[in-house]
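**Student:** Sequence and predicted structure, then a few things I'm wondering about:
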Amino acid sequence: MSPKTVDVISGSEAAALFAGLESAPALLLAVSGGPDSIALMVLAARWRTSLKSHLFKRKPELMVATVNHGLRPESKREAADVTTLAATLGLQHRTLRWTGPKPKTGLPQAARHARYALLAAAARKAGAFHILTAHTLDDQAETVLIRMSRGSGVTGLAAMAREAPVPGDGTGDVTLVRPLLEVPKARLIATLRAARIAFADDPTNRDPRFTRARLRGLMPLLAEEGLDAPRLALLARRLKRADTAIEVAVDRAHTETTADLGVPGAYDAAAFARLPAEIALRLLGRAVASLGDEGPVELGKLEALKEALDAAQKEGTGRFRRSLAGALVTLARGKITIERAPARKQPSQRTSLTTPRPGGSKTRAKSPKSR
């Protein structure tokens, strides 16, 4: 479908996209210069102008931030173009720079981490509690495909939410908002072209070295089989609905398995064993993430831990001890206990493999038990 045949986004639609943000003191818009983020900035500016003064004593201040990752020579010019357009819209703009050495592997992940860290810091400085990004319906579909290719579970396949914590930011005082998550990219481009607003073209979006770009190239073929962006986004919404229901069941299971123990991180082993596998897995994952010191654990590693714990319970030995993500999981006396794992000894503190006996002879020390 040609962008000329796609409907532009109307003023009433723009108002619906930003609904719920009217009372925010300030909003930080993440704008790279590409069509999606330029459209976000234009639509946000129109929305703010449309707010009735008699209904809102103080309209949200819109701050624009562009992250220059220093990875492409065009980045500096693109940031300058965003500055110019922001000024014409009456918006303040800042360029944030990712400085220092760049990794040779895992570059997209490192750039993403740096981008959100810079944006969160800029939001706090501006007094904004929300960062708005321009993720679209197409981005949602690509995220579903990426997570399918990595074997994600239900939570992962639910993909992105309209509102979520800022990735990697543990404070929780800034919220990430994706107002365009249900809007096709084609409609954003059509809206900009109708307004004769230029935007940048980032060639890395088509670079086959990156997973997202490769999957993006497959989208037309998948669409021919009915697996287009709207269908993939629909899958994500339905899985999000299921994920929410499962989390409610996990809350209930937590209460049922800890009711008579009164000890944080302790579960009745028999009650735990009777839980449906997915509920038990999530209950275990919650405890490991909250009581360990390494945050959420990879699903595959968590599944392996649960399988080993299940095997120990079936064998009837009644004992199990293993660590994961900085948490220690034990099974003893009918209880499963999760607690912070003891700190690992530094190499210089570890017992030597040989220890002298009285009289000068040596004996090999026992290997430490696996955790």
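**Tutor:** Thanks, I have it. Numbers count the residues shown, from 1 in each chain.

**Student:** only C-alpha atoms for contact and neighbour calcs from this point on.
**Tutor:** Will do.

**Student:** Let me see the mean pLDDT of stretch 47-65.
**Tutor:** Averaged across stretch 47-65, pLDDT comes to 85.

**Student:** right, I mislabeled it, should have said stretch 15-23
**Tutor:** pLDDT averaged over stretch 15-23 gives 95.

**Student:** same thing with stretch 71-79?
**Tutor:** Rounded mean pLDDT across stretch 71-79 is 88.

**Student:** The stretch 1-150 of the chain: helices as residue ranges?
**Tutor:** 11-17, 35-50, 75-88, 107-126, 137-149 (DSSP state H, counting those that start in this stretch).

**Student:** Show the residue spans covered by the helices in the stretch 201-350 of the chain.
**Tutor:** Using DSSP H, counting those that start in this stretch, helices in the stretch 201-350 of the chain cover 211-224, 229-258, 269-273, 277-291, 299-315.

**Student:** Out of those, which is closest to residue 201?
**Tutor:** helix 211-224 (13.7 Å; Cα to Cα).

**Student:** picking that back up, pick the most deeply packed of the helices of the stretch 201-350 of the chain.
**Tutor:** helix 277-291 (a mean of 19; mean count of other Cα atoms under 10 Å).

**Student:** Can you get me the centre-to-centre distance for that helix and its chain?
**Tutor:** Here the centre of helix 277-291 is set off from its chain's centre by 18 Å, with Cα atoms, centre = their mean, to the nearest Å.

**Student:** Start the count at 54 instead of 1 going forward.
**Tutor:** Got it, first residue is 54 now, which makes that one helix 330-344.

**Student:** that older thread, now tabulate the helices of the stretch 254-403 of the chain in CSV and tack on mean pLDDT and distance to residue 89.
**Tutor:** As requested, these are exported to CSV (pLDDT from 0 to 100; distance: least, Cα to Cα, whole Å):
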stretch, mean pLDDT, distance to residue 89
helix 264-277, 91, 15
helix 282-311, 97, 16
helix 322-326, 95, 47
helix 330-344, 96, 35
helix 352-368, 94, 32
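
**Student:** which one of those helices lies closest to residue 213?
**Tutor:** Of the helices of the stretch 254-403 of the chain, nearest to residue 213 by Cα to Cα is helix 282-311, at 8.2 Å.

**Student:** coming back round to it: turn the helices of the stretch 54-203 of the chain into a markdown table, columns for mean neighbour count and distance to residue 243.
**Tutor:** Rendered in a markdown table, the data for the helices of the stretch 54-203 of the chain read as follows (neighbours: other Cα atoms under 10 Å; distance: least, Cα to Cα, whole Å):
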| stretch | mean neighbour count | distance to residue 243 |
| --- | --- | --- |
| helix 64-70 | 15 | 14 |
| helix 88-103 | 21 | 10 |
| helix 128-141 | 18 | 18 |
| helix 160-179 | 17 | 27 |
| helix 190-202 | 20 | 15 |
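
**Student:** Dump these to a markdown table, plus distance to residue 120.
**Tutor:** Compiled in a markdown table, the helices of the stretch 54-203 of the chain are given as follows (distance: least, Cα to Cα, whole Å):
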| stretch | distance to residue 120 |
| --- | --- |
| helix 64-70 | 24 |
| helix 88-103 | 12 |
| helix 128-141 | 8 |
| helix 160-179 | 6 |
| helix 190-202 | 19 |
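
**Student:** how much space between residue 228 and residue 179?
**Tutor:** To residue 179, residue 228 is 14 Å away according to Cα to Cα, to the nearest Å.

**Student:** Looking at the helices of the stretch 254-403 of the chain, which is nearest to residue 208?
**Tutor:** Per Cα to Cα, nearest to residue 208 of the helices of the stretch 254-403 of the chain: helix 282-311, 5.9 Å.

**Student:** And that closest one, what does it pack against?
**Tutor:** helix 190-202, helix 207-210, strand 319-321, helix 322-326, helix 330-344 (3 or more Cα pairs under 8 Å, 6 or more residues apart in numbering; DSSP states H and E).

**Student:** Tabulate those in JSON lines, adding columns for distance to residue 263.
**Tutor:** Shown next, in JSON lines, are those (distance: least, Cα to Cα, whole Å):
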{"stretch": "helix 190-202", "distance to residue 263": "11"}
{"stretch": "helix 207-210", "distance to residue 263": "20"}
{"stretch": "strand 319-321", "distance to residue 263": "43"}
{"stretch": "helix 322-326", "distance to residue 263": "42"}
{"stretch": "helix 330-344", "distance to residue 263": "30"}
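
**Student:** just to revisit the earlier point, so for residue 392, which of the helices of the stretch 54-203 of the chain sits nearest?
**Tutor:** helix 160-179 (28.7 Å).
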